[in-house]
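# what follows is a predicted protein model with its sequence.
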Amino acid sequence: MWISLHKKNGCLKAEIFNKKIKIKVDTLSFKTISANKATVKKEWVVVDATDAIVGRMGSKVAKLLRGKYKPNFTPHVDCGDNVIIINASKVKLTGNKWTDRIYLSYTGYPGGQRETNPARMIAKSPERFIRKVVKGMLPKNRLGAQLLSNLYVFDGAEHNMQAQQPKTIDLNALK
């Protein structure tokens with residue numbers, strides 16, 4: 001048995017003569033892990049929305065709901081966490097978005113198009129405003145509706161989910 005080394009196009013190539021070599025490869029290590037409903041580990045997390053910019057907070061919460069921060073993320077499975085948002089009325093918007101941004105809705109009747117801005121939505125119901133922001137960042141299908149049911153929004157600093165023992169997450173630490 002003898003070995004010949006060649007350098008061709010910047011790559012080192014080895015040839016082994018007069019002997020057959022069998023290399024055993026462990027094929028189990030190459031299996032793709034796909035999460036399903038039974039193997040998903042869901043956690044409860046609390047996010048404080050005080051002085052958080054709405055869009056940036058919403059996108060990070062959507063990633064938490066979706067489970068994209070987890071190594072076993074599977075796109076078609078609800079593998080995200082249950083998220084509790086507190087202090088929903090203390091969020092911030094940059095620039096003149098409080099008055100200049102317009103949200104349209106339609107009642108279904110002729111002439112039934114309604115418009116509102118974030119200032120009016122926060123004054124009426126901060127929970128609905130945050131839910132609307134996060135819903136816009138989730139998939140527009142049945143999975144998105146299921147993920148949105150894992151979001152709990154509270155106006156004050158208190159919430160009624162202490163039995164789940166949620167852990168507090170700083171959104172600034174997430175990318």
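Received it, and whenever you're ready, just let me know what you need.

# show me where this structure has helices.
With DSSP state H as the criterion, the chain has helices at 54-66, 97-100, 118-124, 126-135, 142-148.

# mind showing which ranges of the chain have poor pLDDT?
1-29 (pLDDT under 70).

# got the end-to-end distance for stretch 33-53?
Start-to-end span of stretch 33-53 (C-alpha to C-alpha, to the nearest Å) is 35 Å.

# distance from the chain centre to it, please.
Once both centres are worked out by C-alpha atoms, centre = their mean, to the nearest Å, stretch 33-53 turns out to sit 8 Å from its chain's centre.

# mind putting the helices of the chain in JSON lines, distance to residue 170 and mean neighbour count included?
The C-beta positions use only the backbone N, C-alpha and C, and glycine is treated the same way. JSON lines is the format used below for those (distance: least, C-beta to C-beta, whole Å; neighbours: other C-beta atoms under 10 Å):
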{"stretch": "helix 54-66", "distance to residue 170": "10", "mean neighbour count": "21"}
{"stretch": "helix 97-100", "distance to residue 170": "24", "mean neighbour count": "13"}
{"stretch": "helix 118-124", "distance to residue 170": "23", "mean neighbour count": "15"}
{"stretch": "helix 126-135", "distance to residue 170": "18", "mean neighbour count": "19"}
{"stretch": "helix 142-148", "distance to residue 170": "22", "mean neighbour count": "15"}
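
# residue 135 is in contact with residue 148, isn't it?
Yes: contact criterion C-beta atoms under 8 Å: residue 135 and residue 148 qualify, at 5.5 Å.

# still on that earlier bit, now the helices of the chain in CSV, with distance to residue 112?
Converted to CSV, these look like this (distance: least, C-beta to C-beta, whole Å):
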stretch, distance to residue 112
helix 54-66, 27
helix 97-100, 23
helix 118-124, 18
helix 126-135, 19
helix 142-148, 24
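
# so which of these is nearest residue 174?
Closest approach to residue 174 among those is made by helix 54-66 (5.2 Å; C-beta to C-beta).

# closest one to residue 161 among the helices of the chain?
helix 126-135 (14.0 Å).

# who does that closest one touch, helix- and strand-wise?
If contacts are counted by 3 or more C-beta pairs under 8 Å, 6 or more residues apart in numbering; DSSP states H and E, helix 126-135 sits against helix 54-66, helix 118-124, helix 142-148, strand 151-153.
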